[in-house]
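J.: take a look and give me a structure for this.
(chains A, B, C and D)
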Number of protein chains: 2
Amino acid sequence: MKIGELAKLTGVSVRSLRYYESQGLISPVRLANGYREYSPLAAETVETIQLYLNLGLTTEQIAGFLHCVLKNKEAFCAEVMPLYESKLEEIERQLHQLTQIKLNLEERMASIRREREGSGAEFQAKSGEE
Amino acid sequence: MKIGELAKLTGVSVRSLRYYESQGLISPVRLANGYREYSPLAAETVETIQLYLNLGLTTEQIAGFLHCVLKNKEAFCAEVMPLYESKLEEIERQLHQLTQIKLNLEERMASIRREREGSGAEFQAKSGEE
DNA sequence: ATAGACCCTGACACTGGTGTTAAGGTCAAC
DNA sequence: GTTGACCTTAACACCAGTGTCAGGGTCTAT
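T.: Next comes the predicted model:
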């Protein structure tokens, strides 16, 4: 099938399909006129790529084990587990940081609300403006 | 004081101080030779900018209320609260998404571990490689 | 007057997948 | 033989703050 068909079939843009190819994730053959010709299996490959992208892996990382997971079960691809582990650590760091910022924000918001109630001005937040 | 001194004093790079100026956050006067001359109050301004950047606000957003918060308490600056509210919503969306990915990752990791234990191969994760 | 520390502006790089456009080739149907 | 849908490559834009370099000016102490 041609790139437009694959795009419709998978819901992934033509642009992205070409990008995946440039990153070594998928290698359609070329017809005499230069058009890409995808095997019917390509749809599954693209969906697999999307799955890993949605887990937050990069195309470079996916390129490292895509061959393997397309042929075997994940459990047999040694590269996957370390990636999952480091990704999990990264996500936990991000969760921690976001949670800190959230607490900080909530504290400041609470503080503002306290000050506004404390003063006689009932939420007339115009006073101090220069 | 000159920009290098302010950088040392605040721990913010010279590059960043110039960037803040380009974004309208701080406006040092210029000496006859073109050098920036910062008032002693600039250190406090820079620290305030850092505080808001660490909350995840952009320089553009900070520019909208920095004048006010340098003169008054936050509670008197009407622009602040809506920004905090929308930032909080954004962070909650991100937390939700990250949590989903984390659950997904953990589920897949558990699944891999189950499959490996299920087979006779004791963590010899080489088998399936092509 | 010269070394060395400091200042200036301007510009590219980075992260990374995707949108978008430009300029042009191919093909099927009419 | 021309229209229109589809394909090709190449390139810039995005987010947004920071690092870094190039090319050049200023000031101080020796």
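J.: from residue A:29, how far off is the nearest residue to residue A:59 once chain neighbours are set aside?
T.: Counting by CB to CB, 6 or more residues apart in numbering or on different chains, residue A:23 is the residue found nearest to residue A:59 once chain neighbours are left out, at 4.0 Å. C-beta here means a position set from N, CA and C on the backbone, and glycine is covered the same way. Using CB to CB, to the nearest Å, we find residue A:23 at a distance of 18 Å from residue A:29.
J.: out of those two, which sits in the more crowded spot?
T.: residue A:23 (14 against 9; other CB atoms under 10 Å in any protein chain shown).
J.: that one contacts residue A:63, doesn't it?
T.: Yes - between residue A:23 and residue A:63 a contact is recorded at 6.1 Å, counting by CB atoms under 8 Å.
J.: got the CA positions of whichever strand or helix holds residue A:47 in CSV?
T.: In this structure, residue A:47 sits in helix A:42-54 according to DSSP states H and E. Taking Å, rounded to 0.1, in the frame of the first residue of the first chain, the C-alpha atoms of helix A:42-54 are listed here in CSV:
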residue,chain,number,x,y,z
ALA,A,42,3.4,-2.1,8.2
ALA,A,43,0.1,-1.1,9.9
GLU,A,44,1.0,-3.3,12.9
THR,A,45,4.5,-1.9,13.0
VAL,A,46,3.1,1.6,13.1
GLU,A,47,0.7,0.8,15.8
THR,A,48,3.6,-0.7,17.8
ILE,A,49,5.6,2.4,17.3
GLN,A,50,2.7,4.5,18.5
LEU,A,51,2.3,2.4,21.6
TYR,A,52,5.9,2.9,22.6
LEU,A,53,5.9,6.6,21.8
ASN,A,54,2.9,6.9,24.1
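J.: which elements pack onto that helix?
T.: Packed against helix A:42-54, as judged by 3 or more CB pairs under 8 Å, 6 or more residues apart in numbering or on different chains; DSSP states H and E, are the following elements: helix A:3-10, helix A:14-22, helix A:59-63, helix A:66-71.
J.: which one of these lies nearest to residue A:118?
T.: helix A:59-63 (52.3 Å; CB to CB).
J.: what about the closest one, near DNA strand C?
T.: Yes - using CB under 7 Å from any atom of the strand, helix A:59-63 reaches DNA strand C at A:59, A:60.
J.: gap between that helix and the chain center?
T.: Put simply, helix A:59-63 sits 12 Å off its chain's centre (CA atoms, centre = their mean, to the nearest Å).
J.: for the residue of chain A found nearest DNA strand D, which non-adjacent residue is spatially closest?
T.: Residue of chain A nearest DNA strand D, by CB to the nearest atom of the strand: residue A:4 (2.5 Å). Counting by CB to CB, 6+ apart, residue A:14 is the residue found nearest to residue A:4 once chain neighbours are left out, at 6.3 Å.
J.: surely the one you found and residue A:5 touch.
T.: No - distance between residue A:14 and residue A:5: 10.2 Å, which falls outside the contact criterion (CB under 8 Å).
J.: from the chain's centre, how far out does the lengthiest helix in chain A sit?
T.: With secondary structure taken from DSSP state H, chain A has its longest helix at helix A:80-118. Centre-to-centre, helix A:80-118 and its host chain are 19 Å apart (CA atoms, centre = their mean).
J.: what angle sits between it and helix A:42-54?
T.: Angular relation of helix A:80-118 and helix A:42-54 on a 0 to 180 degree scale: 50 degrees, by axes from the mean of the first three to the mean of the last three CA atoms, to 10 degrees.
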